[in-house]
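Engineer: A predicted structure for the sequence below; I have some questions about it.
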Amino acid sequence: MNDDECSDLQQCEMDALAAIYGEYADDTARFEYNAAQPVSGSVEVEIDTSVAQQLLQNIDIDSHTDIRHLPPIKMTFTLPPAYPLIDAPQIEVSCCWLDEKAIEAAKRQLADIWQLERGMGVLHSYIDALKYDIQTSVHSISIGSNTVRETILEYDRKQKRKEFEAQSYTCAICIEEQSGKHCLQLSCGHIFCRNCLSSYLGILIEEGSVNQLQCPDMQCRKTASTPVTDAEMQELLTPEQISRCKRLNEQRKIDGDRTRYAWCPRAGCGRGVESDPQIDRLCQCPCGYAFCRLCLRTWHGPNFCEVKSVQKIVEMYIQAVREDDNSARRQKMEKQYGVAVLQKLLREHEQEHASIDYIRSSTQQCPKCRFGIEKSYGCNHMHCSQCDTHFCYLCGTLLNKENPMGHFNTARSGCNRRLFEGIEGTAGNPDEQIENENFNLMIRLAFDSDEEE
């Protein structure tokens, strides 16, 4: 026996295994080796799906995922110079879901094969043992950490994708048959080609309808129960579209819950900020600005917010009270400004409106400068002290300074013979009304006689 003979046997065995399990040759095992001395390599043996499902039936890895695949068992080998005639191959067996006890049992089983087939190439027998005997002898799997759990989930997704891409599907949007490589199956199970899905989602994001990012199937749209996942959007959208989508979703979140969020009012910032869970109303933006969530002004501690626009605040509070005694808007305003402050503003508002109503009912505006003038006594000829205008208190007509009484003694005038109408104490008294009419008649006759002269 010499090393050349062993080397030739090793090369023949590597060539045979590469032909059987090399790339594109067999889906049940993946084989690769390094021909440099000493010859080394590895074999990954796929776990049969029926065996995997049997092992997984009592294991809760992910309640939302139907796991059908387990990561392969991997065997690495190094061939000593005297293999296969004298020395056994040096092997290591690894598998993330097998515990140490199961791995040691597998290695003993492979060592037994060497004892039976010593002097011949045994790697093919080792692979067969891993594919059939050792798989069926395993009765449980070990998931000792989240890393193992994630490894299993990721491998299952990868294998499912590989199976999916090997088929052809009809896109429900363009109604064309497409290869699985150009299609995507959403979490609800509906399948569309990537081009149609990308266009559909891109239009929704461009329009700002991020709340409608869901499966385009009509039934799914009716129930609105199958939103497109982040992982699916990563596959379909451009970075710019994803960035815009995140920005719009953040805006919807903040605008939809102003009891927790607010926009930073600092110029040039505008970030969405969540209020402090420990200190009511306090928002601390990453830009360094601390502000009140309700009034958006610089943080003023536990004090009530300062009232800037009294008229607007009072009108909002009146509307909130009219809606409901315990409305959310009323409670928010009372919390922001204080009940006592709002009630005081409301009283002042009512007093002010009462004064305005009195002025409107008891005064007449000067038709020139609009200054309000109250007539407490005297006739209806008014003289504005602000702009020196003469006008009729009854109809607001401008009067001639030289002949102001002519307006009350002209038959065509609506105020004819009404110079003293409305004087306090005469309303409703027939005798005094007749006396005033007679007095008006005397004044008219006097003016008439002056005109004749």
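Structural biologist: Looks like it came in fine. Numbering: from 1, shown residues only.
Engineer: Centroid-nearest residue for the chain?
Structural biologist: Centroid-nearest residue in the chain: Asn249, 2.9 Å away (criterion: CA atoms, centre = their mean).
Engineer: Show the pLDDT at the nearest residue to it once chain neighbours are set aside.
Structural biologist: Spatial nearest neighbour of Asn249, excluding adjacent residues (CB to CB, 6 or more residues apart in numbering): Val210 at 5.5 Å. For the C-beta atoms, the positions are set from N, CA and C on the backbone; glycine is no exception. Listed pLDDT for Val210 reads 82.
Engineer: ok, Val210 - contacts?
Structural biologist: The contact partners of Val210, by CB atoms under 8 Å, 6 or more residues apart in numbering, come to 204, 245, 248-249, 252.
Engineer: if we go to 10 Å?
Structural biologist: By CB atoms under 10 Å, 6 or more residues apart in numbering, the contact set of Val210 is 201, 204, 227, 244-252.
Engineer: And it, how close does it get to Cys245?
Structural biologist: From Val210 across to Cys245, the span is 6 Å (CB to CB, to the nearest Å).
Engineer: Can you check which residues contact both of the two?
Structural biologist: With CB under 10 Å, 6+ apart as the test, Val210 and Cys245 both reach 201, 204.
Engineer: Select only the buried ones of the contacts of Val210 in ChimeraX?
Structural biologist: Buried residues within those, by 16 or more other CB atoms under 10 Å, are selected in ChimeraX with:
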select :201,204,227,244,245,248
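Engineer: Just the contacts of Val210: which are in strands?
Structural biologist: Judged by DSSP state E, these include no members of strands.
Engineer: Out of the contacts of Val210, which is nearest to Ser187?
Structural biologist: Among those, Pro227 lies closest to Ser187 (CB to CB), at 8.7 Å.
Engineer: beta partners for that closest one?
Structural biologist: Gln214 (DSSP bridges).
Engineer: residue contacts, it?
Structural biologist: Listed by CB under 10 Å, 6+ apart, the contact set of Pro227 reads 186-188, 210-215, 220, 233.
Engineer: Buried subset of these as a ChimeraX selection?
Structural biologist: Selection of the buried residues among the contacts of Pro227 in ChimeraX, burial being defined by 16+ other CB under 10 Å:
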select :186,210,212,213,214,215,220,233
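Engineer: quick one: which two of the contacts of Pro227 are the most distant?
Structural biologist: Taking CB to CB as the measure, the contacts of Pro227 reach their widest spread between Cys188 and Val210, a distance of 18.3 Å.
Engineer: Could you find the closest non-adjacent residue to Leu213?
Structural biologist: Spatial nearest neighbour of Leu213, chain neighbours left out: Val228 (4.9 Å); criterion: CB to CB, 6+ apart.
Engineer: Please look at the one you found and Pro216 and confirm they touch.
Structural biologist: Yes: look at Val228 against Pro216 with CB atoms under 10 Å: they come within range, at 9.5 Å.
Engineer: So these two - more neighbours on which side?
Structural biologist: A count of neighbours by other CB atoms under 10 Å puts Val228 above the other of Val228 and Pro216, at 23 against 18.
Engineer: Give me the secondary structure label for Lys74.
Structural biologist: strand (DSSP: H, G, I helix; E, B strand; the rest coil).
Engineer: What residues does it make contact with?
Structural biologist: 30, 42-45, 92-96, 130.
Engineer: Recalculate using a threshold of 6 Å.
Structural biologist: Residues in contact with Lys74 (CB atoms under 6 Å, 6 or more residues apart in numbering) are 44, 94.
Engineer: same deal with the one 3 residues further on?
Structural biologist: Taking CB under 6 Å, 6+ apart, we find Phe77 in contact with 89, 91.
Engineer: Quick check: which element contains it?
Structural biologist: Element membership for Phe77 (DSSP states H and E) is strand 73-78.
Engineer: any idea of the mean pLDDT in that strand?
Structural biologist: The model assigns strand 73-78 a mean pLDDT of 95.
Engineer: buried ones in the helix or strand just after it?
Structural biologist: Sequence order places strand 90-94 as the next helix or strand after strand 73-78, per DSSP H and E. Using 16+ other CB under 10 Å as the test for burial, strand 90-94 gives 91, 93.
Engineer: What is the distance between the next helix or strand after strand 90-94 and the centre of its chain?
Structural biologist: Using DSSP H and E, the helix or strand that follows strand 90-94 in sequence is helix 100-117. Its chain's C-alpha centre and that of helix 100-117 lie 56 Å apart, by CA atoms, centre = their mean, to the nearest Å.
Engineer: Other residues contacting helix 100-117?
Structural biologist: The contact list for helix 100-117, computed with CB under 6 Å, 6+ apart, reads 88, 93, 122, 125-126, 134, 138.
Engineer: angle of that helix against strand 90-94?
Structural biologist: 150 degrees (axes from the mean of the first three to the mean of the last three CA atoms, to 10 degrees).
Engineer: tell me the SS of the nearest residue to Arg329 once chain neighbours are set aside?
Structural biologist: What sits nearest to Arg329 in space, not counting adjacent residues and going by CB to CB, 6+ apart, is Ala320, at 4.3 Å. Under the three-state scheme (three-state DSSP), Ala320 adopts helix.
Engineer: if I read this right, Ala320 contacts Ser327, doesn't it?
Structural biologist: Yes: counting by CB atoms under 6 Å, Ala320 does reach Ser327; the two are 5.4 Å apart.
Engineer: So the two - more neighbours on which side?
Structural biologist: Per other CB under 10 Å, whichever of Ala320 and Ser327 has more neighbours is Ala320, with 19 against 14.
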